Structures are given as C-alpha cells and as structure tokens.
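Trainee: Sequence below, structure please.
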Amino acid sequence: MEWTAMEINPEMLNKMMNKLGVGESWRFVDVLGLEGDQLSAVPKPCCALMLLFPLTPQHESFRVQQADKVSEGSEVYFLKQTVVNSCGTIALLHAVANNKSELSFDNDSALKKFLDDTANMSPDDRAKHLEKNQAIREAHNEVAVQGQCRPEADKVNFHFIAFVNVDGQLYELDGKMNGVVKHGVTKEDSFITVCQNMLSF
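Mentor: Now for the predicted structure:
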C-alpha cells in the first residue's frame with residue numbers, strides 16, 4: 001500500500017492536525033538547528049520533537065544496532081509503518097498519541113477515534129488498522145497535494161521519526177523499528193535540551 005508522497009513541514013503537519021480534528025492549542029513549528037539560540041526560539045512547553053533526515057547506508061546500519069535497544073511492553077503508544085510514504089503521518093500519530101491528555105479534540109475527530117479504537121492493540125495490529133483507515137489516508141493525501149513541491153514517490157529518500165516524553169522518560173519512535181527506544185530521563189522544561197544532547201552525537 002502506498003500513500004501520496006508529502007512535503008513535510010509545520011504548515012502541512014498543522015493542516016493534517018486540523019483535518020483530523022485536533023484542537024488548535026498545540027502546533028508544529030520548525031526547529032532550524034540544534035544550537036542554543038536556535039533551540040531557545042522553540043516555544044515552550046514542547047511535548048514532542050519530529051526529526052526529518054536522509055536515509056543512508058549509515059542510518060540503516062545504526063538502525064540495526066538500535067534494534068537491540070527496543071523496549072518491549074512499553075506504555076508508550078507505538079505503531080509500525082507498513083504504508084509507503086506515511087512516515088510523516090506516523091510520526092504525527094506518535095506525537096499526538098503520547099500527548100493525548102495535553103490536547104483537545106473535536107467531537108468527530110477521526111484521529112481521536114483511531115487512537116481510542118487502537119489503544120489496546122499491538123503495534124502490528126495498529127498498523128493494519130491504519131491501512132484500512134479511510135479518514136486518515138484521505139487527510140494525508142489531500143494535504144499532500146497542497147504542498148509547494150511534489151516529491152516523486154520513487155525519489156523520496158527521507159524519513160521521519162518522533163521523540164516524546166512519557167512519564168519522565170525520553171522515547172524514540174520510528175515506525176520502521178519493532179518498538180520504541182528508551183533514551184533515559186527527561187523533564188518537560190528540559191525535553192528539547194535532552195533531545196539536543198542525544199542528537200549531537
């Protein structure tokens with residue numbers, strides 16, 4: 001299964017949030033770098049960080065190493081990515097699902113319904129449920145055609161992952177992995193700095 005390749009930026013992600021019935025109290029913004037002054041421009045509090053990066057042989061090798069660090073049976077909401085070109089939407093789902101208590105939703109929110117329906121499912125079953133979810137697929141495809149550039153499906157060589165704070169622990173969520181990776185302690189007021197330290201390897 002394949003969705004339309006999407007230009008992912010805060011404008012597109014916020015359009016997705018609107019289409020899926022997420023209230024406007026939280027929004028995506030650009031993080032232009034990992035230096036102190038660039039991070040200080042990020043609005044606080046920050047409840048999730050999405051990272052876009054090129055897929056390279058080095059990253060594939062790193063992902064194999066990360067497989068040993070996957071946390072089993074975590075309370076973190078996680079689903080596998082089985083749909084081509086859906087990594088941005090998967091990262092958005094991970095960011096929203098693990099901050100559900102902080103967000104507000106419209107009464108008919110397709111995203112809240114999906115999260116409620118899949119709350120007790122395995123990551124694989126959640127992925128199957130997403131494949132069949134017409135509302136999320138249509139929202140993704142509708143927003144994808146509104147972008148300023150049209151990524152060619154066979155030339156998309158970038159990937160999105162998300163970092164979230166769940167119960168004071170920093171988790172990495174990559175839909176191409178078998179589960180989440182726990183990176184250690186974090187706090188709401190230092191979440192973005194902890195992410196910076198972890199990414200500045």
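Trainee: rest of the way, CA atoms for contacts and neighbours
Mentor: Noted.
Trainee: Would you map the strands across the chain?
Mentor: For the chain, strands defined by DSSP state E occupy the ranges 48-54, 70-71, 158-166, 169-173, 180-185.
Trainee: how about these in CSV, adding mean pLDDT?
Mentor: Formatted as CSV, the strands of the chain follow (pLDDT from 0 to 100):
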stretch, mean pLDDT
strand 48-54, 85
strand 70-71, 74
strand 158-166, 89
strand 169-173, 91
strand 180-185, 89
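Trainee: Export these to CSV and append columns for distance to residue 113 and mean neighbour count.
Mentor: Shown next, in CSV, are the strands of the chain (distance: least, CA to CA, whole Å; neighbours: other CA atoms under 10 Å):
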stretch, distance to residue 113, mean neighbour count
strand 48-54, 21, 17
strand 70-71, 26, 16
strand 158-166, 21, 22
strand 169-173, 21, 21
strand 180-185, 23, 18
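Trainee: Can you tell me how far the nearest residue to residue 160 once chain neighbours are set aside is from residue 159?
Mentor: Once flanking residues are discounted, residue 160 sits nearest to residue 52: 4.6 Å by CA to CA, 6 or more residues apart in numbering. From residue 52 across to residue 159, the span is 6 Å (CA to CA, to the nearest Å).
Trainee: repeat for residue 110
Mentor: 24 Å.
Trainee: With residue 48 instead?
Mentor: Distance from residue 48 to residue 159, counting by CA to CA: 16 Å.
Trainee: and the residue of the chain positioned farthest from its centre, what does it touch?
Mentor: For the chain, the residue at maximal distance from the C-alpha centroid (CA atoms, centre = their mean) is residue 37, at 24.3 Å. Applying CA atoms under 8 Å, 6 or more residues apart in numbering to residue 37 gives no contacts.
Trainee: from what I can see residue 137 touches residue 3, true?
Mentor: Yes: counting by CA atoms under 8 Å, residue 3 is a contact partner of residue 137 at 7.2 Å.
Trainee: Show me the contact partners of stretch 101-110.
Mentor: 20, 21, 22, 23, 24, 25, 26, 96, 112, 135, 136.
Trainee: pull the CA atoms of stretch 174-187 into PDB?
Mentor: Output in PDB follows, covering the C-alpha atoms of stretch 174-187 (Å, rounded to 0.1, in the frame of the first residue of the first chain):
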ATOM      1  CA  ASP A 174      10.500   5.000  14.400                       C
ATOM      2  CA  GLY A 175       7.700   3.200  12.600                       C
ATOM      3  CA  LYS A 176      10.300   1.100  10.800                       C
ATOM      4  CA  MET A 177      11.600  -0.400  14.100                       C
ATOM      5  CA  ASN A 178       9.900  -3.200  16.000                       C
ATOM      6  CA  GLY A 179       9.300  -1.000  19.000                       C
ATOM      7  CA  VAL A 180      10.400   2.100  20.900                       C
ATOM      8  CA  VAL A 181      13.900   3.000  22.100                       C
ATOM      9  CA  LYS A 182      14.200   4.500  25.600                       C
ATOM     10  CA  HIS A 183      16.900   7.100  25.900                       C
ATOM     11  CA  GLY A 184      16.700   8.000  29.600                       C
ATOM     12  CA  VAL A 185      15.300  10.600  31.900                       C
ATOM     13  CA  THR A 186      13.800  13.900  30.700                       C
ATOM     14  CA  LYS A 187      11.600  16.700  32.100                       C
END
